[in-house]
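>>> Coordinates for the following, if possible.
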Amino acid sequence: MIRTLNMLPAIAFSATMLVYSSSSAQSLTPAEKTQVDQMIEELHQKLHGGSATNNSRAVSTLQAILKSPKATYQYYMASIKELQFDAVGKRESEWREWRERNEDRLKSTEHVAALQYQAKFLLLTLAVALERDEAAGVKKVMPLLIDYYDYLTRDFDKLEGQRRILITPALDSVFADRLKLTLTMPPLETWIDAPLPISTVYDGVILPHFRKEKNHPALQAAWDKRIVHESKTLVVAGRGGALGLPVDLPAGIPENLTRRFGLDSRDRKRDQQREDTRQKKVSEEDFRKDRLPILHWGKNRDALLFGPNAASSLQALGRIIRENLAHSEAPNWLKELKSLTEGGSNAESDNPTANKQ
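Numbering: from 1, shown residues only. Okay, here's the model as predicted:
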């Protein structure tokens with residue numbers, strides 16, 4: 001979840017409380033009150049206007065530096081010089097020495113490509129933040145976000161050594177620091193911090209978006225994309241809590257469905273029990289045996305909750321258990337299948353897509 005510094009509402013609220021506090025030395029006349037209201041509104045507009053101007057300027061800057069690898073590299077190096085040398089009073093000779101010592105590594109194709117993906121992700125983050133609300137922003141960027149991961153996973157072989165850049169929160173990047181975005185970006189509640197791990201964006205943004213829209217075809221297509229994207233980033237897919245089902249229910253499932261299917265009684269100890277498993281590297285065989293059944297379970301559970309054919313989805317869930325009896329999640333899946341089956345008799349009344357053909 002992205003947390004940003006945004007004190008503007010607090011400033012405006014504090015000013016209002018100072019003006020209208022009952023402990024004021026004297027009451028304001030109607031004319032004085034109108035004058036103060038106008039002053040507060042003017043200050044509010046100036047403060048917010050400054051933020052909007054900075055954010056718009058940041059969008060233009062990011063678009064410009066993404067036009068070529070050379071532009072990205074030059075802006076990155078200028079940012080390092082400004083923030084880490086000039087701003088702290090280091091000598092020009094220190095900057096030149098550091099640059100010469102690190103230039104080959106920083107100028108490498110792999111490093112610059114990772115910087116470009118970091119800048120692109122920051123641009124997507126800005127696009128979400130600049131909409132009227134976060135949900136509208138997510139809806140607007142969703143096709144671009146999925147395309148982003150298509151390209152990122154395609155290039156992952158050359159990016160794997162640059163993982164540190166791709167797990168760094170966008171607002172902690174050199175680009176965001178130079179653009180002063182932590183001071184002007186509005187807070188985002190559900191958007192993710194960084195491009196990796198892949199599971200985070202699907203669990204936190206992509207799948208919840210399609211669940212809330214009750215868009216069964218798009219939801220199933222997103223699961224297919226997730227499987228492809230995670231399979232191409234095997235090392236990342238096995239870290240940071242990505243392996244195994246989440247402790248809490250997937251985001252975006254309506255409360256009536258969680259109650260109906262008894263999904264609010266999930267075993268909350270699973271993540272702790274699999275801490276060692278999470279930290280291992282995932283080979284293709286590990287992915288096929290351990291991770292893929294988990295993803296198939298999630299996909300078919302969503303098909304049951306949001307799709308038109310409950311019986312078929314329940315059969316698919318049963319088949320996953322039958323084909324993976326030795327899987328560590330099999331006992332939990334069976335427990336969940338029982339809850340889903342018990343709730344299934346009344347699922348049509350709760351599932352708005354159940355009667356659609």
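>>> okay, now the nearest residue to Leu123 once chain neighbours are set aside: neighbour count?
Beyond its immediate neighbours in the sequence, the residue positioned closest to Leu123 (CB to CB, 6 or more residues apart in numbering) is Leu62, lying 4.6 Å away. C-betas here are computed from N, CA, C, even on glycine. Neighbour count for Leu62, taken as other CB atoms under 10 Å: 21.
>>> my guess is Leu62 meets Ala119, correct?
Yes - the criterion here is CB atoms under 8 Å, and Leu62 meets it with Ala119 at 5.5 Å.
>>> Grab the most central residue of the protein for me.
Ile192 (2.1 Å; CA atoms, centre = their mean).
>>> got a pLDDT number for that residue?
Here the pLDDT value assigned to Ile192 is 95.
>>> repeat for the one 10 residues further on
The pLDDT attached to Tyr202 in the predicted structure is 97.
>>> Burial check on it, number of neighbours?
Using other CB under 10 Å, the number of residues around Tyr202 comes to 25.
>>> Next up, the contacts around Lys289.
Taking CB atoms under 8 Å, 6 or more residues apart in numbering, we find Lys289 in contact with His327.
>>> tell me the pLDDT at it?
With respect to pLDDT, Lys289 has a value of 92.
>>> low-scoring stretches of the stretch 101-250 of the chain, by residue?
Scanning the stretch 101-250 of the chain for pLDDT under 70 picks out 235-250.
>>> can we see that at 50?
237-248 (pLDDT under 50).
>>> That one: strands as residue ranges?
With DSSP state E, counting those that start in this stretch, there are no strands along the stretch 101-250 of the chain.
>>> ok so, going back, is the residue nearest to Leu123 within a helix or a strand, and which one?
Per DSSP states H and E, Leu62 falls inside helix 30-65.
>>> Can you name the residues that contact Lys106?
Lys isn't right for residue 106; it's Leu. With CB under 8 Å, 6+ apart, Leu106 has these contacts: Tyr73, Tyr76, Met77.
>>> can you tell me how far the residue lying closest to the first one once chain neighbours are set aside sits from Ser56?
When the adjacent residues along the chain are set aside, Tyr73 lies closest to Val112, with 5.1 Å between them (CB to CB, 6+ apart). Here the criterion is CB to CB, to the nearest Å. By it, Val112 lies 26 Å from Ser56.
>>> With Thr125 instead?
Distance of Thr125 to Ser56, computed by CB to CB: 14 Å.
>>> When the two are compared, which one has more neighbours?
More neighbours surround Thr125 than the other of Thr125 and Ser56, with 25 against 13 (other CB under 10 Å).
>>> Spatially nearest residue to that one, not counting backbone neighbours?
Thr125 sits nearest to Ala170 (CB to CB, 6+ apart), 5.1 Å away.
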